[in-house]
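Chemist: give the three-dimensional model of this entry:
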Amino acid sequence: MKRLFIAVPIQEKTRNEIAQGIFADTRTKMLPVRWTNIQNLHLTLQFLGDTDEKRIPVLKQIVNRLGTSGIAEELTFTNIGAFPNPSNPRVIWIGVKENESLRKIQRQLTADLIRNGFSADQKKFKAHLTLGRVKENVPVPPDMMDYLEILRGNINVSASPLDRVTLFESQLKPGGPIYTVLYEKNFS
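Modeler: Predicted coordinates for the structure are as follows:
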């Protein structure tokens with residue numbers, strides 16, 4: 001079994017801007033958050049979880065079938081937010097502006113996964129990059145989300161091209177997950 005997910009990778013320039021503007025801030029480092037490794041920033045389209053390795057060829061076919069017509073958009077980043085909500089943050093994220101191409105790819109991917117017997121998340125898609133996870137049983141400063149939004153407003157985060165979709169393996173390690181590319185579909 002391999003722990004798998006399908007995502008849109010984020011270009012290095014954008015990842016660096018997020019890291020320099022948010023992760024590198026002195027106060028941010030003191031917050032009770034396990035920040036995402038800069039190299040691991042991505043936009044998840046579908047998390048598959050533990051998957052039989054024999055199904056990987058089918059997943060490659062599914063990714064390869066993703067339509068490329070009309071794909072010329074970029075991912076533009078918006079506000080800082082949290083799941084389940086800003087007053088009870090567990091996951092800190094940066095949002096992605098509504099994007100018809102991205103929505104189309106995600107819907108097509110979900111439908112094809114279900115047709116092929118995979119368990120796919122069918123709830124409303126909320127495009128975002130996970131920046132970090134709040135540590136369990138640690139009090140959260142009441143102004144944390146406001147502070148992070150101020151930081152976000154002070155940095156320029158470049159758009160990242162919607163130029164490929166990747167099938168990743170995620171290996172959980174004590175120092176954080178390690179992502180390995182298993183297959184990639186380029187739209188260019």
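Chemist: what is the longest helix of the chain by residue count?
Modeler: Determined from DSSP state H, the single longest helix within the chain is helix 100-115.
Chemist: and that helix, what's buried?
Modeler: 101-102, 105-106, 109-110, 112-113 (16 or more other Cβ atoms under 10 Å). Any C-beta I mention is one placed from the backbone N, CA and C, and that applies to glycine too.
Chemist: got it, and stretch 134-147?
Modeler: 134, 140, 144-145.
Chemist: export these to CSV and tack on pLDDT?
Modeler: Formatted as CSV, those follow (pLDDT from 0 to 100):
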residue, pLDDT
134, 97
140, 93
144, 95
145, 95
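Chemist: closest one of the residues you listed to residue 74?
Modeler: In terms of Cβ to Cβ, no member of the buried residues of stretch 134-147 lies closer to residue 74 than residue 145, at 26.2 Å.
Chemist: quick check: that closest one is in a helix.
Modeler: Yes. Assigned with DSSP: H, G, I helix; E, B strand; the rest coil, residue 145 falls within a helix.
Chemist: that one and residue 85 touch, don't they?
Modeler: No. Assessed by Cβ atoms under 8 Å, residue 145 is found out of contact with residue 85, at 9.5 Å.
Chemist: what lies in contact with the longest helix of the chain?
Modeler: 6, 8, 43, 45-46, 48, 62-63, 65-67, 70-73, 75, 96, 120-122, 125, 127, 162, 165 (Cβ atoms under 8 Å, 6 or more residues apart in numbering).
Chemist: any of the residues you listed buried? List them.
Modeler: Among those, those classed as buried by 16+ other Cβ under 10 Å are 6, 8, 43, 45-46, 48, 62-63, 66, 71, 73, 75, 96, 120, 127, 162, 165.
Chemist: still on that earlier bit, turn the buried residues of stretch 134-147 into CSV, columns for distance to residue 176.
Modeler: Shown next, in CSV, are those (distance: Cβ to Cβ, whole Å):
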residue, distance to residue 176
134, 15
140, 21
144, 21
145, 23
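Chemist: what pairs with the residue most central in space within the chain across the strands?
Modeler: The centre of the chain sits closest to residue 43, judged by Cα atoms, centre = their mean, with a distance of 2.8 Å. For residue 43, the beta-bridge partners under DSSP bridges are residue 8.
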